[in-house]
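# from the sequence below, what's the structure:
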Amino acid sequence: RQLHGAHDKAREALETARQNQKRLAAGQAELNPETVRLMSYLRDAGIDARPVCDLVRVSDGAWQYAIEGYLRSNVEALLIPDQDEERAVKLYRGLSGGRAVYGVKLALSSQARNSRGAETPSAGSVAALLEGVNADALAFLRRQLGELRCVETEAELVRSRQGLTRDGLLSCGGSSNVCVCRRPPTCASARRTPRAV
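Predicted coordinates for the structure are as follows:
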């Protein structure tokens, strides 16, 4: 039983490596192994789940790593088509034992479309730096960014209720409570191939 479990893990690790190798060859970013596993389970069930990072990009490369660092695991959220949302949630929820997957987000198209992120972002916002071919993926990531503003100087950062600098300093909390913390780049953004997001 233990040997069988180890064999299954090794087989899944090999499949994940193959999938990531295909992605890198296609110019796409490498994904977390858990994301690849869940995509595989969903694909086997006939559900077309796509990472939002394949559908959205940052229009200004100077902001790429700061935005990825802020969004963290949201860049690998799997966009689920409306008609498959309940099946995808049921499948994900039902994975247990050696098949269990943790920490991967599902971006539900119906929820993204009906959120604040579906609106055109205001000029100067971090959300305005995102563009892409899929309105639902854009809305999902823009909702994560919320009211976050692009700021350049320390003075702007301190005065900003919610601000992000190109080098990843974040200000949040409002006029009386400002917390500033440098966001480290995500594992993927530290690699040589930046994500589309």
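# from R50, how far out is E34?
16 Å (C-beta to C-beta, to the nearest Å). In this view, the C-beta of every residue, glycine as well, is placed from N, C-alpha and C.
# actually P33, sorry about that
Taking C-beta to C-beta, one finds P33 at 17 Å from R50.
# show me the contacts for the closest residue in space to P33 that isn't next to it in sequence.
Excluding the flanking residues, the one nearest P33 by C-beta to C-beta, 6 or more residues apart in numbering is T16, at 4.5 Å. Going by C-beta atoms under 8 Å, 6 or more residues apart in numbering, T16 touches P33, V36, R37.
# neighbour-wise, which of the residues you listed leads?
Neighbour counts for these (other C-beta atoms under 10 Å) peak at V36, which has 23 neighbours.
# surely that residue touches Q19?
Yes: using C-beta atoms under 8 Å, V36 makes contact with Q19 at a distance of 4.9 Å.
# the most centrally placed residue in the chain in helix, strand or coil?
With distances taken as C-alpha atoms, centre = their mean, V75 lies nearest the centre of the chain, 1.3 Å away. Under DSSP: H, G, I helix; E, B strand; the rest coil, the three-state class of V75 is helix.
# could you measure it against K90, distance?
25 Å.
# the chain: helices as residue ranges?
Ranges of helices within the chain are 2-25, 33-44, 64-71, 85-94, 109-113, 135-145, 154-159, 187-190, based on DSSP state H.
# could you export the ones you listed as a markdown table, including mean pLDDT and distance to A128?
Listed next are the helices of the chain as a markdown table, based on pLDDT from 0 to 100; distance: least, C-beta to C-beta, whole Å:
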| stretch | mean pLDDT | distance to A128 |
| --- | --- | --- |
| helix 2-25 | 72 | 28 |
| helix 33-44 | 94 | 27 |
| helix 64-71 | 90 | 11 |
| helix 85-94 | 97 | 28 |
| helix 109-113 | 88 | 17 |
| helix 135-145 | 94 | 9 |
| helix 154-159 | 90 | 16 |
| helix 187-190 | 39 | 20 |
